[in-house]
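[1] coordinates only, sequence not included:
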């Protein structure tokens, strides 16, 4: 396995920290256990991030540090996938409160009724309660892995070099993930167009039901970038008037 660079792993950890403070998770902070875990994860990831530069320097001569970095990278992928599940569920609940475009509106009474359904009602629906219960279980497993990573950090005596000039300057150069330069995205044109076609299919709105299209893949392959490209597609913008 190739050596893990500080830049690659630091980006992964930095993005996870930002996601844990994003609006996409606000809906679930009403759940005390989930809220506590989000806060705990953010704190642990920030402490881990502080020693990445030292770990990167030592991994060449210390196999234990190299193994620690490998474990951290695998965990980062799993955390990203789990947070994506939360964001997808947030989008699903938001869609339940959006009025359909006029061309697809089944009835005025139905859409008016939907406007007056409080968000809390969907948060406590059987499906929502089941989702949150499932996620609590998944988060407990991830929390245990994070705690083990943090414990090993201490055993390996990794140093906090967060104030190092290289690390500080690197963090300042991190781009915002909400901005995607399409000119720098390669090999996703076919997938982008396929998802756009799915979103614009009339039969997906049959019986006034909402559908969710999942983008599945290993962490780091560009799932979020692909979703952003679809979200900003001209045809999608023209069709859907209300977007989160």
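    Thanks, I have the structure now. Remember, it's a predicted structure, so these values are computed and weren't measured experimentally.
[2] top helix in this protein by residue count?
    Using DSSP state H, we find that the single longest helix of the chain is helix 63-95.
[3] who are the packing partners of it?
    Packing contacts for helix 63-95, counted by 3 or more CB pairs under 8 Å, 6 or more residues apart in numbering; DSSP states H and E, involve helix 6-20, helix 52-58, helix 119-123, helix 126-155. Glycine gets a C-beta too; all of them are placed from N, C-alpha and C.
[4] now the angle from the longest one to helix 63-95?
    In other words, helix 126-155. If you take axes from the mean of the first three to the mean of the last three CA atoms, to 10 degrees, helix 126-155 sits at 160 degrees to helix 63-95.
[5] name the residues of helix 126-155 that are buried.
    By 16 or more other CB atoms under 10 Å, the buried positions in helix 126-155 come out as 128, 131, 132, 135, 139, 146, 149, 152, 153.
[6] need these in TSV (columns: distance to residue 227).
    Shown next, in TSV, are the buried residues of helix 126-155 (distance: CB to CB, whole Å):
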residue	distance to residue 227
128	22
131	20
132	23
135	20
139	22
146	25
149	28
152	33
153	32
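[7] need the worst-confidence member of those residues.
    Lowest model confidence among the buried residues of helix 126-155 falls on residue 128, which carries 75.
[8] that residue against residue 93, yeah?
    Yes: checked against CB atoms under 8 Å, the pair residue 128 and residue 93 is within contact range at 7.1 Å.
[9] what is the helix or strand where residue 197 lies packed up against?
    Residue 197 is located in helix 189-199, with elements delineated by DSSP states H and E. Packing partners of helix 189-199 (3+ CB pairs under 8 Å, 6+ apart): helix 223-231, helix 234-239.
[10] so which elements touch the longest one?
    In this structure, helix 223-231 packs against helix 189-199, with contacts taken as 3+ CB pairs under 8 Å, 6+ apart.
[11] any idea of the angle the helix it packs on forms with helix 223-231?
    Using the same axes, to 10 degrees: helix 189-199 against helix 223-231 is 60 degrees.
[12] give the buried residues for helix 189-199.
    Going by 16+ other CB under 10 Å, helix 189-199 has these buried residues: 192, 195, 196, 199.
[13] can you give the domain ranges for the protein?
    What automatic domain parsing lists as the domains of the chain is 6-174, 175-244.
[14] any idea which of those domains scores lowest on pLDDT?
    The weakest mean pLDDT among these belongs to domain 175-244, with a mean of 67.
[15] tell me the contacts of residue 47?
    Remark: with contacts taken as CB atoms under 8 Å, 6 or more residues apart in numbering, residue 47 is in contact with 150, 153.
[16] next, the angle from the strand or helix carrying it to helix 126-155.
    According to DSSP H and E, residue 47 maps onto helix 32-49. Inter-element angle recorded for helix 32-49 and helix 126-155: 30 degrees (by the same axes, to 10 degrees).
[17] circling back to that earlier point, who's in contact with the helix holding residue 197?
    For helix 189-199, contacts defined as CB under 8 Å, 6+ apart pick out 204, 213, 215, 226, 229, 230, 233, 235, 236, 239, 240.
[18] which ones are touching the residue nearest to residue 87 when sequence neighbours are not counted?
    Residue nearest to residue 87 in three dimensions, not counting chain neighbours: residue 24, with 4.1 Å by CB to CB, 6 or more residues apart in numbering. Going by CB under 8 Å, 6+ apart, residue 24 touches 83, 86, 87, 90.
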